[in-house]
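> I would like to see how this sequence folds:
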Amino acid sequence: MSVRQFSLLVMFFTIGTTILIIPGGLALVAKQDAWIAAVVGVMLGVLPVLLYNSIGKLLPDLTLIECNEKLFGKWIGTLFSILFIFFAFIGSATLLFYVGNFMTTQVMPRTPIQYINILFISIVVMGVRLGLETIARAAEVFFPWFLILFLVLVIFLVPEIEIKNIQPVIDTGVKPIMQAALSLVGTASLTLIVFLMIVPACVNNPNEARKDFIAAVLLGGLFIIIITLLSILILGSDTTARQLYPSYVLAKKINVGNFVERIESIMAGLWFFTIYFKMTLYFYAAVVGLAQVLKLRDYRPLCFPMGMLVVVYSLVVYPNVVYMMEWDSTIFIPYVISIGFIFPLIILVTAWVRKKRRSLS
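Model prediction:
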């Protein structure tokens, strides 16, 4: 794929479900300073990208699964690969739960969640079977529509802004802001480890891609900052913190001359674009990773059975919304740090030591 296509995929992945649910989580911890936490989180999110770029420099033309086997041998490398595949699989299932839960609670309450999940995963499986290049081209097609919808949302919401909602600034203190920023890093940046299945092996200009990787994460983070800021300015920190999907509630505030209103379902297209590409990349990493572990020539035969497993697991991964919120706020952060930071750090150190030994010998 081209560097431009890669950058768009990174932006969609960074925004992902973050734009839908993260403002509420940030406001719960940092109150009216949630937008500051978003800015800090986006800045800190560059650090994992630098780590992933370093791995790409030391081990070019290899996916993460191939790196594991080369560095750690067959048995330990396979164990690390299985942990990563499980992480990508869990990511696919949780995102599918978000889609189904959002649709059944906000848009189509009488529709069973199973049917929505099956329909959505069918499109994901179709995209992964068509290949990474097709997914990248789809990102090019859909990004202008995403941008148009986002600009419409922002422009129509500007009259509803109340500056008093973000005052006083930094009233909650530094600790809550950093805590909220860390949750954003875990959701939007540390999950980017799945791109080690794509870059540098599947990008036609790896050196340029590394630079655009950082730029795309920052641009994706800008959308998150804007949505978080609008949520605080319009809904207030208390209302934002109480909402499971604050940005959807934000879209309900659109009212232009009592004529343009109740268009939140159209605005939901924003989140479907981003969630689709994020789930597709998770699913691609899981399927291709499993195929490489099993030494299969083609990953496509695994797509359909893996899709069925994702649907089944999406129905049980979160027994209820309370469990989901507890998991996301307590367990997810150390879990994603272990996979998205500690694991690649071990890879980087091991690769650097081996390269140093070869140069000395």
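
> in the protein, which spans are strands?
Along the chain, counting by DSSP state E, strands occupy 255-256, 260-261.

> lowest average pLDDT across those strands?
When the strands of the chain are compared by mean pLDDT, strand 260-261 comes last with a mean of 64.

> any regions of the stretch 151-300 of the chain where pLDDT drops low?
Scanning the stretch 151-300 of the chain for pLDDT under 70 picks out 257-262, 267.

> what ranges do the helices span in it?
Assigned by DSSP state H, counting those that start in this stretch, the stretch 151-300 of the chain shows helices spanning 174-188, 206-235, 237-242, 246-252, 264-293.

> repeat for the stretch 1-150 of the chain
In the stretch 1-150 of the chain, helices defined by DSSP H, counting those that start in this stretch lie at 3-15, 18-30, 34-44, 46-58, 64-102, 113-130, 132-157, listed in chain order.

> give me the distance between residue 123 and residue 280.
Per Cβ to Cβ, to the nearest Å, residue 123 is found 9 Å from residue 280. C-betas here are computed from N, CA, C, even on glycine.

> the two: which has the busier surroundings?
Per other Cβ atoms under 10 Å, whichever of residue 123 and residue 280 has more neighbours is residue 280, with 25 against 13.

> how close does the more buried one get to residue 271?
Distance, residue 280 to residue 271, using Cβ to Cβ: 14 Å.

> repeat that for residue 314.
The gap separating residue 314 from residue 271 is 17 Å, by Cβ to Cβ.

> for residue 161, find the nearest of the helices of the stretch 151-300 of the chain.
Among the helices of the stretch 151-300 of the chain, helix 206-235 comes nearest to residue 161, with 4.6 Å by Cβ to Cβ.

> which residues sit against stretch 336-350?
Residues from elsewhere that reach stretch 336-350 (Cβ atoms under 8 Å, 6 or more residues apart in numbering): 48, 51-52, 54-55, 58-59, 64, 67-68, 71-72, 80, 83-84, 87, 186-187, 189-193, 196.

> not counting its neighbours along the chain, what's nearest residue 219?
Excluding the flanking residues, the one nearest residue 219 by Cβ to Cβ, 6 or more residues apart in numbering is residue 11, at 5.7 Å.

> gap between that neighbour and residue 350?
Separation of residue 11 from residue 350 (Cβ to Cβ): 31 Å.

> these two - which one has more neighbours?
Of the pair residue 11 and residue 350, residue 11 is the one with more neighbours under other Cβ under 10 Å, namely 25 against 16.

> quick one: closest of the helices of the stretch 151-300 of the chain to residue 1.
It's helix 206-235; of those, that one is closest to residue 1 (Cβ to Cβ) at 9.1 Å.

> pull out the buried positions in the closest one.
Buried residues in helix 206-235, counted by 16 or more other Cβ atoms under 10 Å: 206, 209-210, 212-213, 216-235.

> how about stretch 72-83?
Neighbour-count burial for stretch 72-83 flags 72, 77, 80-81 (criterion: 16+ other Cβ under 10 Å).

> dump the C-alpha coordinates for that stretch into PDB.
The C-alpha coordinates for stretch 72-83 follow below in PDB (Å, rounded to 0.1, in the frame of the first residue of the first chain):
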ATOM      1  CA  PHE A  72      12.900 -15.800  20.500                       C
ATOM      2  CA  GLY A  73      13.000 -19.100  18.600                       C
ATOM      3  CA  LYS A  74      10.100 -21.400  17.800                       C
ATOM      4  CA  TRP A  75       8.600 -22.100  21.200                       C
ATOM      5  CA  ILE A  76       8.900 -18.800  23.000                       C
ATOM      6  CA  GLY A  77       8.300 -16.900  19.800                       C
ATOM      7  CA  THR A  78       5.100 -18.900  19.200                       C
ATOM      8  CA  LEU A  79       3.900 -18.200  22.800                       C
ATOM      9  CA  PHE A  80       4.400 -14.400  22.300                       C
ATOM     10  CA  SER A  81       2.600 -14.600  18.900                       C
ATOM     11  CA  ILE A  82      -0.400 -16.400  20.500                       C
ATOM     12  CA  LEU A  83      -0.600 -13.700  23.100                       C
END
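
> sweet, I'm off.
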